[in-house]
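**Q** prediction below, plus the sequence it came from.
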Amino acid sequence: MNASALPLANNTPLCYSINSTPFKYHPTIASAYFSSIFATLGLTSNLIAFVVLIKSFQRSHSRSRAFLIFLGGLVVTDFMGLLVTGSIVISFHVTHFNWRLLDPTCHFCNFMGMSMVFYGLCPLLLGAAMAVERFIGINCPFARSTSMSKRRTVSMVLMVWLIAGCIALLPLTGVGSYHIQMPGSWCFFNISSKGNDLAFSLLFSLVGLMCITASFLLNTVSIVTLIKVCCGQDRNQRRRDHEIEMMVQLILIMVIASTCWCPLLIYILMSVVTADPVRDENVLFCIRMATCNQIFDPWIYIMCQVSQLRSLLHKLCFPEVLSK
């Protein structure tokens with residue numbers, strides 16, 4: 001029987017139709033501590049990174065501000081993602097509320113499911129957009145207008161948020177569906193090889209994998225171009241160092257995103273294509289890995305800025321070294 005028909009048959013809301021029996025959840029203090037520490041570490045890291053990026057934006061050159069705007073959009077997305085989803089999960093572990101009593105119409109579950117999809121796709125889409133921006137900036141430096149770069153970058157960030165938001169809203173239109181997930185502390189879309197759930201599962205996984213693939217290809221071309229420039233006779237060493245610094249950050253962002261997200265995206269794709277049973281334990285493990293992306297990302301910007309600060313102090317304290 002189609003899952004969407006279950007609510008009509010037994011008056012069970014759609015988000016509970018697959019798991020008709022409540023989860024046997026055994027509350028532990030360790031679960032509450034783990035979720036709290038995990039969320040606090042991520043929120044603090046992104047807040048520090050946001051302050052660092054603001055200071056960098058104020059003293060940066062015009063050609064690097066577009067990249068910093070992308071980084072700022074990524075930090076804001078990661079911070080809000082942890083704040084929204086983390087608050088719900090921690091509240092569940094602390095209060096052990098009953099989803100069916102608190103949310104009999106599935107509105108709260110749908111909100112969390114949309115948040116999981118939106119804040120999950122945004123970093124991948126932003127990573128691809130940053131790869132496009134760097135590809136154009138390095139390979140076609142005269143193809144973009146520096147006077148419009150800031151406005152164009154803000155528009156691209158808003159467009160990414162719009163695309164991710166539209167995808168997250170699809171289950172509310174009947175393409176896919178959000179359901180409560182084991183151990184009952186969170187909601188996510190139903191990973192299934194049947195009906196509209198198949199279409200949404202494929203859409204989510206393929207969009208994520210295509211973003212990672214596009215980032216890899218574009219960043220590879222940009223790196224090759226930079227290597228050729230660095231090996232050439234161009235004497236503008238400062239500009240080369242600036243471009244290399246941005247590419248290092250972008251490569252690290254891509255590696256972390258690929259490591260954290262590929263297990264979930266590939267597992268969803270393989271599950272729906274092969275019609276294998278979806279194991280809740282595997283989904284939970286992959287989701288936790290994907291969430292780590294929101295914690296590791298900000299430390300890339302923080303460490304890069306610390307490296308810049310050390311370089312600046314070295315130049316100020318040992319100017320005679322540079323004059324030789």
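**A** Yes, it's here.
**Q** ok, which stretches of the stretch 1-150 of the chain are helices?
**A** Under the criterion DSSP state H, counting those that start in this stretch, helices of the stretch 1-150 of the chain are mapped to 6-10, 29-59, 62-95, 99-102, 107-139, 149-169.
**Q** just give the number of residues close to residue 162.
**A** For residue 162, the count of nearby residues is 10 (other CB atoms under 10 Å). In short, each C-beta sits where N, CA and C put it, glycine included.
**Q** ok, now the one 4 residues further on?
**A** Residue 166: 10 surrounding residues under other CB under 10 Å.
**Q** return the distance of it relative to residue 48.
**A** Residue 166 sits 32 Å away from residue 48, taking CB to CB, to the nearest Å as the criterion.
**Q** one more: residue 130?
**A** Distance from residue 130 to residue 48, by CB to CB: 20 Å.
**Q** and residue 295, by the same measure?
**A** From residue 295 over to residue 48 (counting by CB to CB), the distance is 12 Å.
**Q** between those two, which one's more packed in?
**A** Between residue 295 and residue 48, residue 295 has the larger neighbour count (other CB under 10 Å), namely 20 against 16.
**Q** which residue sits closest to that one, ignoring its sequence neighbours?
**A** Using CB to CB, 6 or more residues apart in numbering and skipping the chain neighbours, the partner closest in space to residue 295 is residue 42 (4.3 Å).
**Q** do the same with residue 256
**A** Nearest one to residue 256, counting by CB to CB, 6+ apart, is residue 296 at 4.8 Å.
**Q** next: residue 47.
**A** Residue 47's closest residue in space is residue 79 (CB to CB, 6+ apart), at 6.7 Å.
**Q** show me what contacts the one you found?
**A** 42, 43, 46, 47, 50 (CB atoms under 8 Å, 6 or more residues apart in numbering).
**Q** any idea of the mean pLDDT in stretch 87-106?
**A** Averaged across stretch 87-106, the pLDDT comes to 85.
**Q** over to stretch 195-211?
**A** Stretch 195-211 carries an average pLDDT of 93.
**Q** contacts for it?
**A** Contacts for stretch 195-211 (CB under 8 Å, 6+ apart): 2-4, 117, 120-121, 124-125, 127-128, 167, 170-171, 174-177, 189-193, 261-262, 265-266, 268-269, 271-272.
**Q** name the residues of that stretch that are buried.
**A** Neighbour counts over stretch 195-211 (16 or more other CB atoms under 10 Å) mark 195-198, 200-205, 207-209, 211 as buried.
**Q** distance check, the residue nearest to residue 47 against residue 264.
**A** 21 Å.
**Q** send me whichever strand or helix holds residue 179 as PDB with only the CA atoms.
**A** Using DSSP states H and E, residue 179 sits in strand 178-181. Only the C-alpha atoms of strand 178-181 are listed here, as PDB (Å, rounded to 0.1, in the frame of the first residue of the first chain):
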ATOM      1  CA  TYR A 178       8.900  13.900   5.800                       C
ATOM      2  CA  HIS A 179       8.800  11.300   8.500                       C
ATOM      3  CA  ILE A 180      10.100  10.900  12.100                       C
ATOM      4  CA  GLN A 181      13.300   9.000  12.200                       C
END
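**Q** for residue 192, give me phi and psi.
**A** phi -150, psi 160 (degrees, to the nearest 10).
**Q** residue contacts, it?
**A** 3, 198, 201, 272, 278 are the contacts of residue 192 under CB under 8 Å, 6+ apart.
**Q** the fourth one contacts residue 176, correct?
**A** No - under the criterion of CB atoms under 8 Å, residue 272 makes no contact with residue 176, lying 11.1 Å away.
**Q** neighbour-wise, which of those two wins?
**A** residue 176 (27 against 22).
**Q** how much space between that one and residue 105?
**A** 18 Å.
**Q** ok, residue 82 next?
**A** 26 Å.
**Q** just residue 253 next, same as before
**A** 39 Å.
**Q** which one's more surrounded, the two?
**A** Regarding residue 253 and residue 105, a neighbour count based on other CB under 10 Å identifies residue 253 as having more, with 25 against 10.
**Q** check contacts around the more buried one.
**A** 74, 127, 130, 297, 300.
**Q** output the below-cut-off pLDDT ranges for the stretch 1-150 of the chain.
**A** Residue ranges of the stretch 1-150 of the chain with pLDDT under 70: 1-12, 18-32, 60-63, 141-148.
**Q** before we move on, back to that, can you say which of the contacts of stretch 195-211 are buried?
**A** Buried members of the contacts of stretch 195-211, counted by 16+ other CB under 10 Å: 3, 117, 120-121, 124-125, 127-128, 167, 170-171, 175-177, 189-193, 261-262, 265, 268-269, 271-272.
**Q** residue 13 contacts residue 104, doesn't it?
**A** Yes - Residue 13 is within contact range of residue 104, at 6.5 Å (criterion: CB under 8 Å).
**Q** neighbour-wise, which of the two wins?
**A** residue 13 (19 against 11).
**Q** wait, is residue 175 part of a strand?
**A** No - Residue 175 is assigned coil when assessed by DSSP: H, G, I helix; E, B strand; the rest coil, not a strand.
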